[in-house]
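[1] no sequence on this one, just coordinates:
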C-alpha cells in the first residue's frame with residue numbers, strides 16, 4: 001500500500017481548504033461511507049468546520065467532528081482505479097496510526 005493511500009486520524013487532517021477523502025461513521029441513516037470533504041472557515045453561508053466538497057452556497061453539507069472517523073489524502077490519478085477506496089472498518093480508531101506513543 002502506498003503511503004498516501006492509508007487512512008489517518010482526523011486530528012491530523014489539513015485545515016487549509018484542500019480536498020481530502022473522509023470516512024463517515026455508520027449511523028441509523030446507513031453504513032459507513034467515503035466522501036470528498038474540505039475544512040471551511042466560517043463565512044456568510046455557514047460556520048467553520050468540515051463540508052462536503054459538493055456543497056454550494058445555500059445547500060451546505062456540514063459534518064460534525066464526531067461524524068468523521070478518519071481521512072486520506074486525495075489519491076493521484078490512476079486509470080486502473082475506478083472507484084473511491086472502501087471506508088475504514090477497523091474496530092478502534094487507534095489502529096489507523098499505531099499506538100500513538
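    Received the coordinates, thanks. Given the structure is predicted, the values throughout are model-derived calculations rather than measurements.
[2] Residue 71 versus the residue positioned nearest the centre of the chain, what's the distance?
    When CA atoms, centre = their mean is applied to the chain, the residue found nearest the centroid is residue 22 (1.5 Å). Plainly put, residue 22 is 5 Å away from residue 71 if you go by CB to CB, to the nearest Å. Just so you know, the C-beta spots here come from the backbone N, C-alpha and C atoms, and that holds for glycine as well.
[3] shared neighbours, the two?
    Listed as contacting both residue 22 and residue 71 by CB atoms under 8 Å, 6 or more residues apart in numbering are 10, 13, 37.
[4] Other residues contacting the strand or helix carrying the last one?
    Read that as residue 37. Using DSSP states H and E, residue 37 sits within strand 33-40. Here strand 33-40 makes contact (CB under 8 Å, 6+ apart) with 13-24, 46, 48-54, 63, 68, 71, 74, 84-87.
[5] Having no further points to raise, I will conclude here.
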